[in-house]
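Trainee: coords please:
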Amino acid sequence: MKRKIMALLTAMMLMVSAVPVHAAAANVTKKMSGDRDLKQVSEMFAAYTTAMNLSGNISGGQVEIPLNGANQLSIGAFVRYNYKDDFGFTARELKRETKDLFGKAAKVNVLKKTGQEDMLVCAADRSFANDPYMYCGGDFSDCIPQYKIKKVVQIKKNLYRVEIQNKMGIYGENGSEDMGSTVLKVKKDKDSVYGYVVKEVSYKK
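Mentor: Sure thing, here's the model as predicted:
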């Protein structure tokens, strides 16, 4: 009987050891918060979600931004306007920008199918831009969108969850005000000029 019990216990231990163990998500904030590429992506997307907060396009809880073609084009135009001083775009520029930001180029013909009042890019007014498309959102005037990376969790190889505190400062004044929060899921991508592509975006007022 004793031998049978020992044999059963041994078999059970072997079964347990054969079960694959998945590594838990690792907190890599200290290591990753100084990553220059990650900081740039965090800054740009925190500025975008701050703009969404200021526009009143927010509910009480966490808002997930569907990364469909319309939103990708809007974010691409926002980034080019605010970080590349460019307000007129060709289709090629918009496709390249969305490819760098999201890993896949958005189709520009989405602009013809979507209510443009909901987008930050539209067909160009030729009195303002010679290119076929232009930025048609607002700007921050004398305000300065800021951010702070609060936490970075590595979900799996090259995939991270980034928690960001949105902030807002004013030119000529010290200090800043909290403006909600942003959560990104990003993946390292050597083909992107930003070093990462964004897979998910959500924000909260």
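Trainee: Pull out the buried residues from whichever helix in the chain runs longest.
Mentor: The longest helix of the chain (DSSP state H) is helix 36-54. Buried residues in helix 36-54, counting neighbours by 16 or more other Cβ atoms under 10 Å, are found at 38, 41-54. All C-beta atoms are positioned from the backbone trio N, CA, C, and that covers glycine.
Trainee: what about this protein, any weak spots by pLDDT?
Mentor: 1-23, 56-60, 114-117 (pLDDT under 70).
Trainee: all strands for it, in order.
Mentor: Remark: strands assigned in the chain by DSSP state E are 26-27, 63-64, 88-89, 121-123, 133-135, 143-156, 159-170, 177-188, 196-204.
Trainee: Switch those over to a markdown table; also include mean neighbour count and distance to residue 72.
Mentor: Output for the strands of the chain, formatted as a markdown table (neighbours: other Cβ atoms under 10 Å; distance: least, Cβ to Cβ, whole Å):
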| stretch | mean neighbour count | distance to residue 72 |
| --- | --- | --- |
| strand 26-27 | 12 | 29 |
| strand 63-64 | 14 | 14 |
| strand 88-89 | 22 | 13 |
| strand 121-123 | 19 | 10 |
| strand 133-135 | 22 | 14 |
| strand 143-156 | 17 | 20 |
| strand 159-170 | 19 | 19 |
| strand 177-188 | 19 | 14 |
| strand 196-204 | 19 | 9 |
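Trainee: quick one, which of those is nearest to residue 97?
Mentor: Residue 97 lies closest to strand 88-89 among those, at 8.0 Å (Cβ to Cβ).
Trainee: quick one: residue 158 from residue 181, how far?
Mentor: 24 Å (Cβ to Cβ, to the nearest Å).
Trainee: what separates the nearest residue in space to residue 49 that is not next to it in sequence from residue 109, distance-wise?
Mentor: Spatial nearest neighbour of residue 49, excluding adjacent residues (Cβ to Cβ, 6 or more residues apart in numbering): residue 203 at 3.6 Å. Note on residue 203: its distance to residue 109, by Cβ to Cβ, is 28 Å.
Trainee: can you pull the contacts of residue 25?
Mentor: 153-155, 161 (Cβ atoms under 8 Å, 6 or more residues apart in numbering).
Trainee: Ok, residue 151 next?
Mentor: Contacts for residue 151 were tallied using Cβ under 8 Å, 6+ apart; they are 27, 29, 162-163.
Trainee: Report whether the expected contact of residue 26 with residue 154 is present.
Mentor: Yes: the criterion here is Cβ atoms under 8 Å, and residue 26 meets it with residue 154 at 4.7 Å.
Trainee: got any residues that touch both of those two?
Mentor: By Cβ under 8 Å, 6+ apart, no residue touches both residue 26 and residue 154.
Trainee: Determine the number of other residues adjacent to residue 129.
Mentor: 16 (other Cβ atoms under 10 Å).
Trainee: Run a quick neighbour tally on residue 86.
Mentor: For residue 86, the tally of surrounding residues (other Cβ under 10 Å) stands at 17.
Trainee: That one contacts residue 76, correct?
Mentor: No: using Cβ under 8 Å, residue 86 makes no contact with residue 76, being 10.7 Å away.
Trainee: What is the nearest of the buried residues of helix 36-54 to residue 118?
Mentor: Among those, and counting by Cβ to Cβ, the member closest to residue 118 is residue 52, at 11.4 Å.
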